[in-house]
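Engineer: pasting the sequence and the predicted coordinates here, then a few questions.
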Amino acid sequence: MADDDLDLLLDEVESKYCHPGPRGAASTGGAARKDGERSKNPAAITAVDDENVDDLIEDILDVRFYEENKSQNIKSPREQSCKASRQQPNKKCCPVYLGGSLVPFGLGTSVSERACDQLRCTSCDFNIVTFDDYKWDASCDYLFFRNSMPELSKLQTRMIRKKGARAYACQCSWRSIQQVTHLSAEEQLRWVCGKHSD
């Protein structure tokens, strides 16, 4: 990819996903550049949601790949990686699902909606624990999970019995799920499939 294309891509990502900087001024690609160069001031760019940026870059690459190869019958890199993940011994869910206790665990695919039981948090680096037929009490907060994980006796103090529900938690996030839910619908969660060994 040429340097100009990379600068344009970074400017687009910066303008869409960067939050307002200090004193309420927005950090945009055009304002951050001087004579075609990117700003070297780290204070001008605030934190960016890494997963959304990765998804945006993949989408842009998929569109370019599709446009370049639409005359041929070639699948996009993302479609190829999903297909490859079904053929390899260490497979990842594609897409990743959460679900209540009536939803079976296993490798989730677009055909088979199974709840992933190999979830890992990229934020706190904890494996996700699950409890069938329980939900989290409304009083749960970040400090509770930070201080209680992974001790079951402490976690049980804030669990409520609920038939059909499944309580999910890591050290920084938690959810109570009743039905099949696509993980991408839960935007605040930084959970990923940690690969299935089948």
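Structural biologist: Now that the structure is in, tell me what you want to look at.
Engineer: so, low pLDDT: which residues of this structure?
Structural biologist: 1-2, 17-89, 198 (pLDDT under 70).
Engineer: tell me where it has strands.
Structural biologist: 97-98, 119-121, 129-136, 159-169, 174-177, 181-182, 191-193 (DSSP state E).
Engineer: what's the most buried one of the ones you listed?
Structural biologist: strand 97-98 (a mean of 24; mean count of other Cβ atoms under 10 Å). Placement of C-beta: from N, CA and C, glycine included.
Engineer: Leu155 and Glu187: what is the separation?
Structural biologist: Distance of Leu155 to Glu187, given as Cβ to Cβ, to the nearest Å: 24 Å.
Engineer: ok, those two, which is more surrounded?
Structural biologist: Between Leu155 and Glu187, Leu155 has the larger neighbour count (other Cβ atoms under 10 Å), namely 21 against 10.
Engineer: wait, isn't the more buried one in contact with Ala169?
Structural biologist: Yes. With contact defined as Cβ atoms under 8 Å, Leu155 reaches Ala169; the gap is 7.1 Å.
Engineer: identify the contacts common to those two.
Structural biologist: 129, 149 (Cβ atoms under 8 Å, 6 or more residues apart in numbering).
Engineer: how's the chain carved up into domains?
Structural biologist: 3-48, 90-193 (automatic domain parsing).
Engineer: tell me which of those domains is the most buried.
Structural biologist: Greatest burial across the domains of the chain, using mean count of other Cβ under 10 Å, falls to domain 90-193, with a mean of 17.
Engineer: now the end-to-end length of that one.
Structural biologist: 11 Å (Cα to Cα, to the nearest Å).
Engineer: give me the distance between the nearest residue to Lys135 once chain neighbours are set aside and His196.
Structural biologist: Sequence neighbours aside, Ser176 is the residue nearest to Lys135 in space, at 3.6 Å (criterion: Cβ to Cβ, 6 or more residues apart in numbering). Using Cβ to Cβ, one gets 24 Å for the distance from Ser176 to His196.
Engineer: which residues does the nearest residue to Arg175 once chain neighbours are set aside contact?
Structural biologist: Once flanking residues are discounted, Arg175 sits nearest to Tyr168: 4.7 Å by Cβ to Cβ, 6+ apart. Applying Cβ under 8 Å, 6+ apart to Tyr168 gives the contacts 98, 119, 128-130, 174-177.
Engineer: pull the most distant pair out of the residues you listed.
Structural biologist: Leu119 and Ser176 (14.9 Å; Cβ to Cβ).
Engineer: which residues touch stretch 102-116?
Structural biologist: 82, 86, 91, 93-99, 117, 164, 166, 179-180, 183, 193, 196, 198.
Engineer: want to throw the strands of the chain into a markdown table with distance to Val111?
Structural biologist: Converted to a markdown table, the strands of the chain look like this (distance: least, Cβ to Cβ, whole Å):
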| stretch | distance to Val111 |
| --- | --- |
| strand 97-98 | 12 |
| strand 119-121 | 20 |
| strand 129-136 | 23 |
| strand 159-169 | 22 |
| strand 174-177 | 21 |
| strand 181-182 | 14 |
| strand 191-193 | 16 |
